[in-house]
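Peer 1: coords below, sequence missing:
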């Protein structure tokens, strides 16, 4: 069995909590090198996971001929450059979500993968959520018919991150919509068959995050340097005639945090959390509740799927093109909010 030698670019929270523990459980993967500009953080990570090589410059890591694939676990503004350089260096890439801050960055990554023939996967782990996986099976079996409407929401009541760069629009590209909204939006587009979007109308609001004195579930944040939205809402028209409404918030005056997608089809409907399939049989309305779904670590599942694609030389399950479609929707909502009108999505 071939062993894949792997490099990790970025040794922050997502690398330590998700990627590295999942990689350690893969029998055909060896973590060969890590890289981070914060050398003290990198050293602790290397010691914890027994990684032999450490680099402060990702280009030095990519010069290692032994490296087969790299994991990009950096902030959003450092997704594009390492990905493009890695692909051009002949490495396969799995990059944390979102693919980039905007469509231009995402397109550059997609173009580099096409040019080099190397695989690019975006780590949208919610596709391995078992409620989403089960719902996908029902959709593929035709149980919902033609889906014409989706409502997507990722809402926190008071969940503004107090660490990292999540409140910095320049580094992140946006706030909750691009950070947590991207998860459930990607899962929904997957359920819909990754249909293209053609237009978006949206609005963002910032009322809580830029003011002092508010409660924070994650502790106090730097309100003086808060430059992202608290809440975003958008209406999206899809190429097949279907519609999609999305909401996302770090802070909103709601009863509780909510992460869900609901679908309306010509034969049935569904919601993902809690998972329900709504239908009608024999002139009787029915609610179907799937039970005993397996428990799956979504990070481990997505990483296993990435290396299976490398081993079998098959398409990765979350392609750069699919992630580009999602970031175009997010960008369209942001552009619409700034313009005050519907915008076209190319």
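Peer 2: It's in. The model shown is predicted, which means the values in this text are computed figures rather than measured ones.
Peer 1: buried residues, the helix or strand containing residue 325. List them.
Peer 2: Per DSSP states H and E, residue 325 falls inside helix 320-339. For helix 320-339, burial by neighbour count (16 or more other Cβ atoms under 10 Å) applies to 320-337. To be clear about C-beta, it is placed using only N, CA and C from the backbone, and glycine gets the same treatment.
Peer 1: same check, this time on stretch 14-28
Peer 2: Under 16+ other Cβ under 10 Å, the buried positions of stretch 14-28 are 14-16, 18-23, 26.
Peer 1: go through these and name the one nearest residue 236.
Peer 2: Closest approach between those and residue 236, by Cβ to Cβ: residue 14, at 27.2 Å.
Peer 1: distance of the closest one from residue 71?
Peer 2: In this view, residue 14 and residue 71 are 9 Å apart by Cβ to Cβ, to the nearest Å.
Peer 1: spit out the residues that contact these two alike.
Peer 2: Shared contacts of residue 14 and residue 71, defined by Cβ atoms under 8 Å, 6 or more residues apart in numbering, are found at residue 96.
Peer 1: quick one: end-to-end distance for stretch 219-238.
Peer 2: Terminal residues of stretch 219-238 are spaced 39 Å apart (Cα to Cα, to the nearest Å).
Peer 1: avg pLDDT for it?
Peer 2: Stretch 219-238 carries an average pLDDT of 98.
Peer 1: so which bits of that stretch are buried?
Peer 2: 221, 223, 226, 228-238.
Peer 1: out of these, who's nearest residue 119?
Peer 2: Nearest to residue 119 out of those is residue 238 (Cβ to Cβ; 27.0 Å).
Peer 1: confidence score at the closest residue to the closest one other than its chain neighbours?
Peer 2: Leaving aside its sequence neighbours, residue 238 sits nearest to residue 195 (Cβ to Cβ, 6 or more residues apart in numbering; 5.0 Å). For residue 195, the pLDDT comes out at 97.
Peer 1: doesn't residue 81 make contact with residue 100?
Peer 2: No: assessed by Cβ atoms under 8 Å, residue 100 is found out of contact with residue 81, at 10.1 Å.
Peer 1: more neighbours, those two?
Peer 2: residue 100 (26 against 16; other Cβ atoms under 10 Å).
Peer 1: can you pull out the helices in the stretch 201-346 of the chain?
Peer 2: Assigned by DSSP state H, counting those that start in this stretch, the helices in the stretch 201-346 of the chain fall at 298-312, 320-339.
Peer 1: pLDDT of the last one, averaged?
Peer 2: To tie it back to what came earlier, the one meant is helix 320-339. Rounded mean pLDDT across helix 320-339 is 98.
Peer 1: can you check stretch 85-94 too?
Peer 2: What stretch 85-94 shows for mean pLDDT is 98.
Peer 1: any idea how far it is from the chain center?
Peer 2: Mean-position distance between stretch 85-94 and its chain equals 20 Å (Cα atoms, centre = their mean, to the nearest Å).
Peer 1: can you pull the buried residues of that stretch?
Peer 2: 85-87, 89, 91-94.
Peer 1: coming back round to it: can you say which of the helices of the stretch 201-346 of the chain is nearest to residue 114?
Peer 2: Between the helices of the stretch 201-346 of the chain, helix 320-339 lies closest to residue 114; by Cβ to Cβ that is 8.4 Å.
Peer 1: what comes up buried for the strand or helix carrying residue 32?
Peer 2: In this assignment (DSSP H and E), residue 32 forms part of strand 29-35. Residues of strand 29-35 classed as buried: 29, 31-35 (neighbour count, 16+ other Cβ under 10 Å).
Peer 1: tell me which of those is nearest to residue 132?
Peer 2: Nearest to residue 132, judged by Cβ to Cβ, of these is residue 29 at 25.1 Å.
Peer 1: gap between the closest one and residue 17?
Peer 2: Separation of residue 29 from residue 17 (Cβ to Cβ): 17 Å.
Peer 1: again, but for residue 317
Peer 2: 21 Å.
Peer 1: could you do residue 26 as well?
Peer 2: 16 Å.
Peer 1: how about residue 298?
Peer 2: 12 Å.
Peer 1: before we move on, the earlier item: tell me which residues of the helix or strand that comes right after the strand holding residue 32 come out buried.
Peer 2: If you walk from strand 29-35 toward the C-terminus, the next helix or strand you reach (DSSP H and E) is helix 39-49. Of the residues in helix 39-49, 41-42, 45-46, 49 count as buried by neighbour count, 16+ other Cβ under 10 Å.
Peer 1: avg pLDDT for stretch 171-184?
Peer 2: 98.
Peer 1: and the end-to-end length of it?
Peer 2: With Cα to Cα as the measure, stretch 171-184 spans 22 Å from end to end.
Peer 1: again with stretch 176-194
Peer 2: 22 Å.
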